[in-house]
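*Asks:* Mind looking at a prediction? Sequence and model below.
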Amino acid sequence: MPFIQVDISKEIESKREKEPQFKKEWDESREEYRLIGEMISLRKKEKITQSKLAELTGNKQQVISRIERKENSPSLKSFSNMLNALGYELKIVRKRIM
């Protein structure tokens, strides 16, 4: 049986258009992944290893790794603790309305 080539971007966009609940959950997950990506960039910029970050936050290195691989979602408290350990803080700012 031959493989069928699938354009995953088109499939996701189609599902987003047809299913409002999927669209909502997909869009919310994008923001979470963006924030985790920024945290990873900050960790690397500060030259802090996953092991060191785990030590600073009282976690295990495996916990940090699972968060960074997006296998686990950190609680807001855990995420804030990680940012604090890196020398950063989480702030809420009003969105610009275009």
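*Replies:* Okay, I see it. Residues are numbered from 1 along each chain as shown.

*Asks:* residues in contact with the most centrally placed residue in the chain?
*Replies:* The structure's the chain has its C-alpha centroid closest to Tyr33; by CA atoms, centre = their mean the separation is 2.6 Å. Counting by CB atoms under 8 Å, 6 or more residues apart in numbering, Tyr33 touches Lys70. No exception for glycine: its C-beta is placed from N, CA and C like everyone else's.

*Asks:* sec struct for it, please.
*Replies:* With DSSP: H, G, I helix; E, B strand; the rest coil as the basis, Tyr33 sits in helix.

*Asks:* which regions of this protein lie under the pLDDT threshold?
*Replies:* 1 (pLDDT under 70).

*Asks:* where along it do the helices fall?
*Replies:* Here the chain has its helices, by DSSP state H, at 8-18, 20-45, 50-57, 61-68, 76-86.

*Asks:* What separation do you get for Val63 and Pro74?
*Replies:* 8 Å (CB to CB, to the nearest Å).

*Asks:* Please apply the same query to Pro20.
*Replies:* Taking CB to CB, one finds Pro20 at 27 Å from Pro74.

*Asks:* Which of these two has more residues huddled nearby?
*Replies:* Pro74 (21 against 9; other CB atoms under 10 Å).

*Asks:* Help me confirm that the more buried one comes into contact with Leu83.
*Replies:* No - look at Pro74 against Leu83 with CB atoms under 8 Å: they stay out of range, at 10.2 Å.
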